[in-house]
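1. Structure here, sequence nowhere to be found:
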(Lines give C-alpha, C1' and ligand atoms only; values in the text may rest on other atoms or scores of the structure.)
Protein backbone atom coordinates (compact mmCIF):
# COMPACT_ATOMS: atom_id res chain seq x y z
CA UNK A 1 0.00 0.00 0.00
CA UNK A 2 1.28 3.47 -0.89
CA UNK A 3 2.19 5.46 2.23
CA UNK A 4 1.79 9.20 1.82
CA UNK A 5 4.43 11.37 3.53
CA UNK A 6 7.17 10.27 5.90
CA UNK A 7 5.16 10.01 9.13
CA UNK A 8 1.66 10.24 10.48
CA UNK A 9 1.27 11.63 14.00
CA UNK A 10 -1.61 11.79 16.46
CA UNK A 11 -1.67 12.68 20.15
CA UNK A 12 -4.15 10.04 21.25
CA UNK A 13 -4.41 11.45 24.77
CA UNK A 14 -2.53 14.22 26.51
CA UNK A 15 -2.96 15.73 29.94
CA UNK A 16 -2.45 15.11 33.63
CA UNK A 17 -4.83 12.15 33.39
CA UNK A 18 -2.85 10.19 30.82
CA UNK A 19 -0.59 10.46 27.79
CA UNK A 20 -0.01 8.47 24.62
CA UNK A 21 1.11 9.50 21.14
CA UNK A 22 0.80 7.47 17.92
CA UNK A 23 3.47 7.63 15.19
CA UNK A 24 3.28 5.70 11.92
CA UNK A 25 5.79 5.26 9.11
CA UNK A 26 5.68 2.95 6.10
CA UNK A 27 7.27 0.18 8.20
CA UNK A 28 6.45 0.92 11.84
CA UNK A 29 3.56 1.82 14.13
CA UNK A 30 4.80 3.32 17.36
CA UNK A 31 3.36 4.50 20.65
CA UNK A 32 5.23 7.10 22.66
CA UNK A 33 4.08 6.46 26.23
CA UNK A 34 1.05 4.49 27.35
CA UNK A 35 -0.32 6.29 30.37
CA UNK A 36 -3.88 5.01 30.24
CA UNK A 37 -5.60 1.66 30.58
CA UNK A 38 -5.19 -0.84 27.77
CA UNK A 39 -8.92 -0.59 27.03
CA UNK A 40 -8.71 3.20 26.71
CA UNK A 41 -5.68 3.09 24.44
CA UNK A 42 -7.34 0.54 22.17
CA UNK A 43 -10.46 2.71 22.03
CA UNK A 44 -8.44 5.81 21.09
CA UNK A 45 -6.59 3.89 18.38
CA UNK A 46 -9.89 2.69 16.95
CA UNK A 47 -11.10 6.30 16.81
CA UNK A 48 -8.29 7.02 14.32
CA UNK A 49 -8.91 3.72 12.52
CA UNK A 50 -5.76 2.01 13.72
CA UNK A 51 -5.44 -1.58 14.91
CA UNK A 52 -3.52 -1.99 18.20
CA UNK A 53 -2.30 -5.38 16.95
CA UNK A 54 -0.15 -3.51 14.43
CA UNK A 55 1.80 -1.55 17.06
CA UNK A 56 5.36 -2.86 17.06
CA UNK A 57 7.21 -0.33 19.24
CA UNK A 58 6.45 1.44 22.52
CA UNK A 59 8.78 4.20 23.71
CA UNK A 60 8.50 5.12 27.39
CA UNK A 61 9.59 8.55 28.62
CA UNK A 62 9.49 7.91 32.37
CA UNK A 63 7.82 5.82 35.03
CA UNK A 64 5.05 8.16 36.25
CA UNK A 65 1.71 6.42 35.89
CA UNK A 66 0.24 8.99 33.48
CA UNK A 67 2.93 7.81 31.04
CA UNK A 68 3.39 4.13 31.94
CA UNK A 69 0.06 2.81 33.27
CA UNK A 70 -0.75 0.73 30.18
CA UNK A 71 2.77 -0.41 29.26
CA UNK A 72 2.61 -3.84 30.86
CA UNK A 73 -0.98 -4.47 29.80
CA UNK A 74 -0.23 -3.76 26.14
CA UNK A 75 3.00 -5.77 26.16
CA UNK A 76 1.24 -8.81 27.63
CA UNK A 77 -1.66 -8.62 25.17
CA UNK A 78 0.37 -7.85 22.02
CA UNK A 79 3.56 -9.89 22.01
CA UNK A 80 4.95 -8.21 18.89
CA UNK A 81 5.41 -4.91 20.78
CA UNK A 82 8.97 -4.11 21.78
CA UNK A 83 9.12 -1.76 24.77
CA UNK A 84 11.96 0.77 24.95
CA UNK A 85 13.09 2.73 28.01
CA UNK A 86 16.38 3.57 29.67
CA UNK A 87 17.62 1.33 32.48
CA UNK A 88 16.63 3.60 35.38
CA UNK A 89 13.14 3.97 33.98
CA UNK A 90 12.82 0.20 33.61
CA UNK A 91 13.94 -0.24 37.22
CA UNK A 92 11.47 2.37 38.49
CA UNK A 93 8.42 1.26 36.51
CA UNK A 94 8.89 -2.52 36.76
CA UNK A 95 7.03 -2.86 40.10
CA UNK A 96 4.13 -0.78 38.72
CA UNK A 97 3.52 -2.32 35.30
CA UNK A 98 3.82 -6.02 36.08
CA UNK A 99 5.50 -8.70 34.00
CA UNK A 100 6.95 -7.85 30.59
CA UNK A 101 8.52 -10.75 28.72
CA UNK A 102 12.31 -10.31 28.49
CA UNK A 103 12.09 -10.81 24.71
CA UNK A 104 10.04 -7.59 24.51
CA UNK A 105 12.23 -5.45 26.77
CA UNK A 106 14.72 -3.08 25.16
CA UNK A 107 17.16 -0.61 26.72
CA UNK A 108 17.22 2.83 25.07
CA UNK A 109 20.01 4.82 26.75
CA UNK A 110 19.67 8.56 27.19
CA UNK A 111 21.46 10.65 24.58
CA UNK A 112 21.59 7.90 21.96
CA UNK A 113 20.25 7.50 18.43
CA UNK A 114 18.88 4.11 17.41
CA UNK A 115 17.82 3.12 13.89
CA UNK A 116 14.94 0.81 12.96
CA UNK A 117 14.61 0.51 9.20
CA UNK A 118 13.06 3.76 7.98
CA UNK A 119 13.03 5.23 11.49
CA UNK A 120 15.79 7.01 13.44
CA UNK A 121 15.01 7.80 17.07
CA UNK A 122 17.14 10.06 19.24
CA UNK A 123 16.64 10.20 23.00
CA UNK A 124 17.46 13.19 25.19
CA UNK A 125 17.17 13.81 28.91
CA UNK A 126 14.55 16.12 30.39
CA UNK A 127 14.48 17.89 33.75
CA UNK A 128 11.75 16.19 35.76
CA UNK A 129 11.40 14.53 39.15
CA UNK A 130 11.49 11.01 37.74
CA UNK A 131 14.21 8.36 37.85
CA UNK A 132 15.70 9.34 34.48
CA UNK A 133 13.13 11.12 32.31
CA UNK A 134 13.87 11.24 28.59
CA UNK A 135 12.00 12.19 25.44
CA UNK A 136 12.51 11.51 21.78
CA UNK A 137 13.09 13.05 18.37
CA UNK A 138 11.78 10.74 15.65
CA UNK A 139 13.06 11.09 12.07
CA UNK A 140 11.91 9.34 8.91
CA UNK A 141 12.97 10.17 5.35
CA UNK A 142 14.48 13.47 6.46
CA UNK A 143 11.42 14.68 8.38
CA UNK A 144 11.28 14.91 12.17
CA UNK A 145 8.88 15.04 15.09
CA UNK A 146 10.06 15.99 18.59
CA UNK A 147 8.13 15.69 21.83
CA UNK A 148 8.85 17.26 25.22
CA UNK A 149 6.55 17.18 28.22
CA UNK A 150 7.23 16.79 31.93
CA UNK A 151 10.13 19.22 32.05
CA UNK A 152 10.81 22.07 34.45
CA UNK A 153 12.94 23.74 31.83
CA UNK A 154 14.42 22.93 28.41
CA UNK A 155 18.11 23.65 27.99
CA UNK A 156 19.61 25.49 25.04
CA UNK A 157 21.36 22.25 24.10
CA UNK A 158 18.04 20.41 23.77
CA UNK A 159 16.45 23.33 21.95
CA UNK A 160 19.27 23.23 19.41
CA UNK A 161 18.89 19.46 19.03
CA UNK A 162 15.18 19.69 18.13
CA UNK A 163 15.28 22.95 16.17
CA UNK A 164 13.25 23.20 12.94
CA UNK A 165 11.41 19.90 13.15
CA UNK A 166 8.37 19.48 10.94
CA UNK A 167 6.23 18.81 14.02
CA UNK A 168 6.49 19.43 17.76
CA UNK A 169 4.50 18.31 20.77
CA UNK A 170 5.38 20.67 23.61
CA UNK A 171 4.10 20.70 27.16
CA UNK A 172 1.88 23.66 28.03
CA UNK A 173 0.92 22.49 31.49
CA UNK A 174 -0.19 25.47 33.56
CA UNK A 175 -0.99 29.14 33.72
CA UNK A 176 1.20 30.63 36.46
CA UNK A 177 -1.53 32.76 38.04
CA UNK A 178 -4.06 29.93 38.02
CA UNK A 179 -1.53 27.66 39.69
CA UNK A 180 -0.47 30.22 42.32
CA UNK A 181 -4.08 31.01 43.29
CA UNK A 182 -5.45 27.51 42.84
CA UNK A 183 -6.34 24.76 45.34
CA UNK A 184 -3.04 22.85 45.37
CA UNK A 185 -0.90 22.77 48.50
CA UNK A 186 2.14 25.04 48.47
CA UNK A 187 4.62 22.10 48.34
CA UNK A 188 2.86 20.77 45.23
CA UNK A 189 2.77 24.24 43.65
CA UNK A 190 6.47 24.65 44.36
CA UNK A 191 7.21 21.27 42.78
CA UNK A 192 5.28 22.16 39.59
CA UNK A 193 6.99 25.57 39.35
CA UNK A 194 10.46 24.12 39.92
CA UNK A 195 13.14 23.11 37.44
CA UNK A 196 12.03 19.49 37.84
CA UNK A 197 8.32 20.22 37.47
CA UNK A 198 6.37 21.28 34.39
CA UNK A 199 6.37 23.97 31.72
CA UNK A 200 3.99 26.91 31.89
CA UNK A 201 2.20 28.42 28.91
CA UNK A 202 4.67 31.31 28.89
CA UNK A 203 7.72 29.05 29.09
CA UNK A 204 6.39 26.94 26.24
CA UNK A 205 5.86 30.02 24.06
CA UNK A 206 9.45 31.15 24.68
CA UNK A 207 10.83 27.71 23.80
CA UNK A 208 8.76 27.52 20.63
CA UNK A 209 10.14 30.90 19.54
CA UNK A 210 13.57 29.29 19.54
CA UNK A 211 12.76 25.96 17.87
CA UNK A 212 10.09 26.66 15.24
CA UNK A 213 11.68 26.99 11.81
CA UNK A 214 10.71 27.22 8.19
CA UNK A 215 10.11 23.46 8.04
CA UNK A 216 7.67 23.45 10.95
CA UNK A 217 4.10 22.61 9.96
CA UNK A 218 2.43 21.41 13.19
CA UNK A 219 2.69 22.28 16.89
CA UNK A 220 0.69 20.38 19.52
CA UNK A 221 0.19 21.93 22.98
CA UNK A 222 0.42 18.92 25.27
CA UNK A 223 0.02 17.75 28.88
CA UNK A 224 -2.36 20.52 29.94
CA UNK A 225 -3.41 20.57 33.60
CA UNK A 226 -7.17 20.48 34.10
CA UNK A 227 -6.84 22.31 37.42
CA UNK A 228 -4.31 24.99 36.54
CA UNK A 229 -5.00 25.76 32.89
CA UNK A 230 -7.68 25.85 30.22
CA UNK A 231 -7.48 24.89 26.58
CA UNK A 232 -8.36 28.43 25.51
CA UNK A 233 -5.85 30.08 27.83
CA UNK A 234 -2.99 27.81 26.76
CA UNK A 235 -3.77 28.29 23.08
CA UNK A 236 -4.23 32.06 23.27
CA UNK A 237 -1.13 32.65 25.42
CA UNK A 238 1.14 30.69 23.11
CA UNK A 239 -0.42 31.95 19.88
CA UNK A 240 -0.23 35.60 20.96
CA UNK A 241 3.46 35.36 21.85
CA UNK A 242 4.29 33.62 18.59
CA UNK A 243 2.35 36.10 16.47
CA UNK A 244 3.83 39.12 18.27
CA UNK A 245 7.24 37.76 17.33
CA UNK A 246 6.48 37.28 13.65
CA UNK A 247 5.46 33.60 13.64
CA UNK A 248 2.08 33.53 11.88
CA UNK A 249 0.01 30.84 13.58
CA UNK A 250 -2.42 29.30 11.11
CA UNK A 251 -0.50 30.35 8.03
CA UNK A 252 2.93 28.71 8.04
CA UNK A 253 2.04 26.14 10.72
CA UNK A 254 -0.99 24.93 12.65
CA UNK A 255 -1.30 25.08 16.44
CA UNK A 256 -3.30 22.14 17.80
CA UNK A 257 -4.86 21.76 21.24
CA UNK A 258 -4.88 18.34 22.90
CA UNK A 259 -7.11 16.56 25.39
CA UNK A 260 -7.15 13.42 27.52
CA UNK A 261 -10.42 12.10 26.11
CA UNK A 262 -10.14 12.71 22.38
CA UNK A 263 -7.30 12.20 19.88
CA UNK A 264 -6.03 15.05 17.74
CA UNK A 265 -6.30 14.89 13.96
CA UNK A 266 -3.90 12.40 12.38
CA UNK A 267 -1.45 14.70 10.58
CA UNK A 268 1.06 13.80 7.89
CA UNK A 269 4.58 15.19 7.55
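-> Arrived safely, thanks for sending. Since this is a predicted model, take the numbers as computed values, not measurements.

2. quick one: contacts for residue 86?
-> 107-110, 123, 132, 134 (C-beta atoms under 8 Å, 6 or more residues apart in numbering). The way it works is simple: take the backbone N, C-alpha and C, and place the C-beta from them, glycine included.

3. Ignore what I typed, I meant residue 213.
-> By C-beta under 8 Å, 6+ apart, residue 213 lies in contact with 163-165.

4. do residue 229 as well
-> Shown in contact with residue 229 (C-beta under 8 Å, 6+ apart): 172-175, 178, 201.

5. quick one: which of those residues is most hemmed in?
-> When those are compared by neighbour count (other C-beta atoms under 10 Å), residue 172 ends up highest, at 34 neighbours.

6. Distance of that one relative to residue 202?
-> 9 Å (C-beta to C-beta, to the nearest Å).

7. Then residue 245?
-> Distance of residue 245 to residue 202, given as C-beta to C-beta: 13 Å.

8. who has more neighbours, these two?
-> Neighbours per residue (other C-beta under 10 Å) separate residue 245 from residue 202, with residue 202 holding more: 15 against 12.

9. In three-state terms, how would the more buried one be classified?
-> helix (DSSP: H, G, I helix; E, B strand; the rest coil).

10. can you map out the strands along the stretch 51-200 of the chain?
-> With strands called from DSSP state E, counting those that start in this stretch, the stretch 51-200 of the chain shows them at 57-59, 82-85, 105-107, 113-116, 119-125, 134-140, 143-148, 167-171.

11. what's around the residue lying closest to residue 211 once chain neighbours are set aside, how many residues?
-> With C-beta to C-beta, 6 or more residues apart in numbering as the criterion, residue 211 has its nearest non-adjacent residue at 5.0 Å, and that residue is residue 163. The criterion is other C-beta under 10 Å. On that basis, residue 163 has 15 neighbouring residues.
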